[in-house]
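Peer 1: Whatever this is, show me its structure:
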Amino acid sequence: MNHLELTKKVEWKDLRSLSTKEMLIENNISLPWLLISLFFAYKGYYWAALPFSGFYFLTALRQVHNGFHNSLGTGKFLTWLSMYLNSISMLASIHAVKFNHIRHHKYCLSDDDYEGKSASMKWFQAILYGPKHMFLIHWMTFKLANKNYRRNLIFELVSISVFISVAFYFQIDFLLYHIAVMFFGELLMAFFAVWTVHHDTHDNPNIARTQRGFWKNKLTFSMFYHMEHHLFPAVPTIKLPELAERIDKVLPELCKKQTF
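Peer 2: So this is what the prediction gives:
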């Protein structure tokens, strides 16, 4: 059964809408983690700040990922603003990531899927591929995208450069800590955001890996319901647990490869 046949068997369109509470959660889920991590770093407690920085990176990724698919429940400008601000804080052009992510859904794991290149590698190769992955994400956007994407790419990269320059010029230690951690996180994107959810799925790329288990999904903020996301990309992350239950009920025989 291919992914198009699967989508016809599961009710999902009602899951696209967000309540006010859900909209507020999806648009602000990364903010507490960012503020707490910066507070500890400001106080010089870098080891205490580190897990909060990690959760910020994960929740910010969830936030912008919903933005890619217009699933934040907000208008065009607020979605753009969320992606722009997270570009500065995450040290990558989020519009460049969006451009390649939309292509990833269209050309999943084919030669034209630059986001998905690391899926065919060994796990350690995917980690080492991280710097090239981030370069390609930005370069292919500049090379292939339309003028709106290129304009956002340049604007975001300039803003990131200003942010880094200010932090280094004035030697703002807690911001230098944040920059170092976010840079490290970006270098691991090819492994965590691509390899973990797509390795050994080339026979049917749109049936990506997924995750079951209450605490595993709580600790990863539902970001590893990746099969569900590929089958129904318009469904916001906050609704993916419910979508997973529907898929399990309607298609119990479906072979689901676990993320971890």
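
Peer 1: got any ranges where the stretch 1-150 of the chain has weak pLDDT?
Peer 2: Applying pLDDT under 70 to the stretch 1-150 of the chain picks out residues 1-3.

Peer 1: again, only this time at 90
Peer 2: Applying pLDDT under 90 to the stretch 1-150 of the chain flags residues 1-9.

Peer 1: where along it do the helices fall?
Peer 2: Using DSSP state H, counting those that start in this stretch, the helices of the stretch 1-150 of the chain run over 3-9, 20-28, 31-42, 46-68, 76-90, 94-106, 123-128, 130-144, 147-169.

Peer 1: What is the following helix or strand past the last one packed up against?
Peer 2: The reference is to helix 147-169. Moving toward the C-terminus from helix 147-169, the first helix or strand encountered (DSSP states H and E) is helix 173-187. Secondary-structure packing of helix 173-187 (3 or more C-beta pairs under 8 Å, 6 or more residues apart in numbering; DSSP states H and E): helix 31-42, helix 46-68, helix 76-90, helix 130-144, helix 147-169. The way it works is simple: take the backbone N, C-alpha and C, and place the C-beta from them, glycine included.

Peer 1: Turn these into a markdown table, including distance to residue 104 and mean neighbour count.
Peer 2: Below are these laid out as a markdown table (distance: least, C-beta to C-beta, whole Å; neighbours: other C-beta atoms under 10 Å):
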| stretch | distance to residue 104 | mean neighbour count |
| --- | --- | --- |
| helix 31-42 | 26 | 18 |
| helix 46-68 | 10 | 20 |
| helix 76-90 | 17 | 18 |
| helix 130-144 | 10 | 17 |
| helix 147-169 | 15 | 15 |
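
Peer 1: Quick one, which of the helices of the stretch 1-150 of the chain gets closest to residue 177.
Peer 2: helix 31-42 (4.5 Å; C-beta to C-beta).

Peer 1: I'd like to check the angle between that closest one and helix 173-187, please.
Peer 2: Relative orientation of helix 31-42 versus helix 173-187 (axes from the mean of the first three to the mean of the last three C-alpha atoms, to 10 degrees): 130 degrees.

Peer 1: Helix 31-42 vs helix 76-90, what angle?
Peer 2: Interaxial angle, helix 31-42 versus helix 76-90 (the same axes, to 10 degrees): 30 degrees.
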